[in-house]
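# following is a predicted model, sequence given first.
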Amino acid sequence: MARMLMRTAFWLPWVACTYLAFAPSPPDTVFRISDVVLHGMAFSYLTFALGLAHRSGNWVGTVAWMVAYGAAIELVQSFEPQRSAELKDMLVDVVGIGIGVVAFKLFGARVVSLVRWLADTINRLLPFTTG
């Protein structure tokens, strides 16, 4: 169950980010947030969550996967008339990826322990679930 929770915490936000990145025009938001902030936060979180979801210990692969994802977003946006590919976005993505790696190194083990505790608690409270 812990592995499922960690993978869900990566893949659901990844799907949402991908949808928003590939949409012809981003949805209007009540609070206008800087594109730089959105990119930085998204790539920091996704890198951290990818480290939790698929813990292979291969940070080179994780970083390469996330950089390729950022490049794919910019490539797709370059073909959308209402969107544009920007080098600035890629640079912010790389900074966000770095922050995600550092955050994982600092807090990843604690988050894994917390998720395992949560999964164990759910399994104890709901006896019909399997671990």
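Ah, there it is.
# mind listing the helices for the chain?
2-22, 35-53, 59-78, 87-125 (DSSP state H).
# go through these and pick out the most buried.
Per-residue neighbour counts averaged over each of the helices of the chain give the maximum for helix 35-53, namely a mean of 21 (mean count of other Cβ atoms under 10 Å). Yep, even glycine has a C-beta here, placed from its N, CA and C like the rest.
# which stretches of the chain have low pLDDT?
Applying pLDDT under 70 to the chain flags the ranges 26-31, 127-131.
# center of it, which residue is that?
Geometric centre of the chain, nearest residue: Leu46, 1.5 Å, by Cα atoms, centre = their mean.
# ok, that residue - contacts?
Leu46 makes contacts with Phe10, Pro13, Trp14, Cys17, Met66, Tyr69, Gly100, as judged by Cβ atoms under 8 Å, 6 or more residues apart in numbering.
# try 7 Å this time
Going by Cβ atoms under 7 Å, 6 or more residues apart in numbering, Leu46 touches Phe10, Pro13, Trp14, Cys17, Met66, Gly100.
# from Ile122, how far off is Leu50?
Using Cβ to Cβ, to the nearest Å, one obtains 23 Å as the distance from Leu50 to Ile122.
# and Leu75, how close does it get to Leu20?
Relative to Leu20, Leu75 is positioned 16 Å away (Cβ to Cβ).
# repeat that for Phe79.
Applying Cβ to Cβ to Phe79 and Leu20 gives a distance of 17 Å.
# hmm, Gln82 is touching Ala23, no?
No: the pair Gln82 and Ala23 does not pass the contact test of Cβ atoms under 7 Å, sitting 9.2 Å apart.
# who's more crowded, those two?
Neighbours were tallied for Gln82 and for Ala23 using other Cβ atoms under 10 Å; the higher tally belongs to Ala23 (13 against 9).
# thank you, goodbye.
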